[in-house]
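Colleague: return atomic coordinates for the entry below.
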Amino acid sequence: MSVSVLDSYVESLERIQPNQANNYGNTHGGEVVRLMDELAAVAAMTVAGETCVTAHIGSVDFHDPIPVGHVAEMSAYVYDTGSSSLEVRVDVESRNPRDDRATPTTGACFTMVAVGADGDPVEVPTVVPETDRGERLVESAPC
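Modeller: Numbers count the residues shown, from 1 in each chain. Below is the predicted model:
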């Protein structure tokens with residue numbers, strides 16, 4: 001059985017509040033990673049049909065901050081699978097909700113593992129690009 005890469009594609013928005021920020025008025029890096037991890041799990045569970053847990057997070061480089069009041073726009077998709085693992089690309093942009101300009105802030109690759117009710121790894125379907133857009137996502141995914 002296989003699942004389309006595009007079927008795993010999910011997006012999320014989070015308006016950044018003061019309690020998510022450091023003393024410079026920008027989102028804590030750990031908060032950004034938490035949001036990314038949650039979205040990676042959603043994308044992985046979409047493919048696996050099971051609970052997915054984080055096994056590894058690739059390099060996370062912060063290029064620009066996300067100020068309080070801005071929106072963190074996140075996207076994630078599964079670009080590869082193993083027997084029980086799923087490779088998920090997550091990207092984050094910052095956008096002032098009063099205009100249309102988005103600034104890339106960070107991205108990372110997450111390795112998620114599908115687990116059953118007993119907590120043991122379970123088999124997952126493969127993902128396939130199926131479309132030109134799916135091909136482009138898979139080609140641009142690896143960190």
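Colleague: what about the longest strand in this protein?
Modeller: With secondary structure taken from DSSP state E, the chain has its longest strand at strand 102-115.
Colleague: next SSE downstream of that strand?
Modeller: Moving toward the C-terminus from strand 102-115, the first helix or strand encountered (DSSP states H and E) is strand 126-128.
Colleague: which residues of the chain fall in helices?
Modeller: Taking DSSP state H to define them, one finds helices in the chain at 29-48, 132-140.
Colleague: for the ones you listed, give me a markdown table that also has distance to residue 122.
Modeller: Where C-beta positions appear, they are placed from N, C-alpha and C, glycine not excepted. A markdown table is the format used below for those (distance: least, Cβ to Cβ, whole Å):
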| stretch | distance to residue 122 |
| --- | --- |
| helix 29-48 | 7 |
| helix 132-140 | 23 |
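Colleague: of those helices, flag the one that's most buried.
Modeller: Greatest average neighbour count among these goes to helix 29-48 (a mean of 20), per mean count of other Cβ atoms under 10 Å.
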